[in-house]
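> got a predicted model here, sequence first, then my questions.
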Amino acid sequence: MNVAVRLFARARKLAGTDSLVLTLTEPASVRQLKERLGETCPALRPLLPQLLVAVGTDYVTDDMLVAANSDIACFPPVSGG
Amino acid sequence: MNVAVRLFARARKLAGTDSLVLTLTEPASVRQLKERLGETCPALRPLLPQLLVAVGTDYVTDDMLVAANSDIACFPPVSGG
Amino acid sequence: MVRLTREPIDYAALTERVRSSQAGAVVLFLGTVREMTAGRRTIALDYEAYPEMAIIKMQQLCDEASTRWPITAAAIEHRLGRLELGEISVALAVSSPHRADAFEAGRFLIDRLKEIVPVWKQENWDDGTTEWVHPDSTMTAKLAMQSPSHEEADGRSETN
Amino acid sequence: MVRLTREPIDYAALTERVRSSQAGAVVLFLGTVREMTAGRRTIALDYEAYPEMAIIKMQQLCDEASTRWPITAAAIEHRLGRLELGEISVALAVSSPHRADAFEAGRFLIDRLKEIVPVWKQENWDDGTTEWVHPDSTMTAKLAMQSPSHEEADGRSETN
């Protein structure tokens, strides 16, 4: 399946784009999505250990599964305020 | 000696005046000042156990001595804010 | 930066006085006239002060906060006279490089103000009665507990 | 009452939105652009958000504060884009009948906002370099510590 991933902040800057499409084998976990992200876009690898993933507007853990039409966002730890 | 005492809030209302003059025998403590206040103005007696006394702009304890030309104020516990 | 006023408090002006590019955090506290207290309805509060002493005590509180926390600036304004429901009786603002200090100093300022600054309020209840507000006095207890020897050795009155 | 904006934050308007005659206390917190951080000089900050999620998270924080403290109202506004020294990046206001709750809820809101609301800042140092601010992430640690069984039994993602 293909999933669209939005990137923010340093993740966006490292990748050089604000979104990309990943090809994953179902069923795919968030952990597998992160690995695929590192393969597709090596510039993001330094950020992977800290990378946060949201599906819709909820944070998700590495073990959760990703559905094909999920609204996925990846970004570094937040630093607002 | 005579000392002028300013009264505030419920002390002022109970006494019916915003200041009065007390006649004290030197040396006079704050405790003696309070007792004299109750004798001079019996309406203030219910407030005496809680009455705060300031000399100048400092709170004083019952054991401190009062000088003739002190700037003395008596009032109930504060309730601002 | 402390003040007593009979006019409505301009809390934005107060806040602007403590803002600084040295500070990353500002905490503003407003005390406002609350309608219900222990099931009774207030229609207004009348505030009275011993103004000379209140000003000195408010300034002492700002000074004490500055010694206890690395704050950039602090300001307090207290209103006097008749205040209707919802009006602001006291405003205080404190700025600091980091937020923990601003919150702690702000909390300290309002807690201590309510203990030592000579201001009093009278309730005007909706049944037409009035009543001076008399909290349990921390200050009465503190003054009563002080030993004469401490006071004499110390050579000054205990104020805060 | 949560908002993202690219215009300067009107914190007085925000504060007015939470004021009420049911509340005796209002706490306003402002985060402002501080010049010095660990000995380095900032000239500006650039704020970026994942706006749809940031709004939802800010509203969740207000809702959570309302369940944890008896607050009357809460409001949060975060600014995005380039902010110069001293400008306000975030403002939050909370009102409650009594001050302890307003202080605690205000502290909770800004602490949690900095943990979970997807907003990021980039430093513009005075030496011409830029740097994304990366705090140690509480959220990364929390997500890493969750067991799969908990997640599955729970049937929903952990958000806060």
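That came in fine, so what should we check first? Since the model is a prediction, treat every value here as computed from it, not as a measurement. Numbering: from 1, shown residues only, chains lettered A, B, ... in the order given.
> which single residue in chain A comes nearest to chain C?
In chain A, the residue that lies nearest chain C is residue A:81 (8.3 Å; CB to the nearest CB). To be clear about C-beta, it is placed using only N, CA and C from the backbone, and glycine gets the same treatment.
> is the nearest residue to that residue once chain neighbours are set aside within a helix or a strand, and which one?
If the residues on either side of it in the chain are set aside, residue A:81 comes closest to residue D:114, at 4.3 Å by CB to CB, 6 or more residues apart in numbering or on different chains. Residue D:114 is part of helix D:99-116 when elements are defined by DSSP states H and E.
> go on, residue A:3?
Assigned by DSSP H and E, residue A:3 falls in strand A:2-7.
> so what's the residue most central in space within chain C up against?
Nearest to the mean C-alpha position of chain C, by CA atoms, centre = their mean, lies residue C:113 at 3.4 Å. By CB atoms under 8 Å, 6 or more residues apart in numbering or on different chains, the contact list for residue C:113 reads B:80, B:81, C:57, C:58, C:61, C:76, C:78, C:90, C:92.
> mind putting those into CSV with distance to residue A:9 and secondary structure?
Shown next, in CSV, are those (distance: CB to CB, whole Å; DSSP: H, G, I helix; E, B strand; the rest coil):
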residue, distance to residue A:9, secondary structure
B:80, 47, coil
B:81, 43, coil
C:57, 48, helix
C:58, 44, helix
C:61, 42, helix
C:76, 39, strand
C:78, 44, strand
C:90, 41, strand
C:92, 36, strand
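> top of these by neighbour count?
Neighbour counts for the contacts of residue C:113 (other CB atoms under 10 Å in any protein chain shown) peak at residue C:92, which has 30 neighbours.
> residues in contact with residue 53?
Defaulting to chain A. Residue A:53 touches A:30, A:33, A:34, A:59, A:60, A:72, A:73, A:74, counting by CB under 8 Å, 6+ apart.
> that was the other one, I meant chain C.
Contacts of residue C:53 (CB under 8 Å, 6+ apart): B:54, B:57, B:73, C:118.
> against residue B:71, how distant is it?
9 Å (CB to CB, to the nearest Å).
> over to residue A:13?
67 Å.
> show me what residue of chain A gets nearest to chain B.
With CB to the nearest CB, the shortest gap between chain A and chain B falls at residue A:81, namely 28.6 Å.
> cool, chain C as well?
For chain C, CB to the nearest CB, closest residue to chain B: residue C:119, 2.7 Å.
> partners of that residue in the sheet?
Beta bridges link residue C:119 to residue C:49 when assigned by DSSP bridges.
> same question for residue C:5.
With DSSP bridges as the rule, residue C:5 is bridged to residue C:79.
> surely it meets residue C:76?
No: using CB atoms under 8 Å, residue C:5 is not in contact with residue C:76; the gap is 11.2 Å.
> the strands in the chain, which residues?
You didn't pick a chain, so chain A it is. Using DSSP state E, the strands found in chain A span residues A:2-7, A:19-23, A:28-29, A:52-55, A:58-59, A:65-66, A:72-75.
> meant chain C, my bad for not saying
Counting by DSSP E, the strands of chain C are C:2-5, C:25-32, C:36-37, C:40-49, C:73-79, C:81-84, C:88-96, C:119-125, C:130-132.
> next, format those strands as a markdown table and append mean pLDDT.
Below are the strands of chain C laid out as a markdown table (pLDDT from 0 to 100):
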| stretch | mean pLDDT |
| --- | --- |
| strand C:2-5 | 98 |
| strand C:25-32 | 98 |
| strand C:36-37 | 92 |
| strand C:40-49 | 97 |
| strand C:73-79 | 98 |
| strand C:81-84 | 98 |
| strand C:88-96 | 98 |
| strand C:119-125 | 96 |
| strand C:130-132 | 93 |
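> quick one, which of the ones you listed gets closest to residue D:36.
Of all the strands of chain C, strand C:88-96 sits nearest to residue D:36, with 12.9 Å by CB to CB.
> and the closest one, what does it pack against?
helix C:11-18, strand C:25-32, strand C:73-79, helix C:99-116 (3 or more CB pairs under 8 Å, 6 or more residues apart in numbering or on different chains; DSSP states H and E).
> how about residue C:41: what's its closest non-neighbour residue?
residue C:126 (4.2 Å).
> hang on, that neighbour packs against residue C:44?
No: using CB under 8 Å, residue C:126 is not in contact with residue C:44, being 9.8 Å away.
> ok, the two, which is more surrounded?
Between residue C:126 and residue C:44, residue C:44 has the larger neighbour count (other CB under 10 Å), namely 16 against 11.
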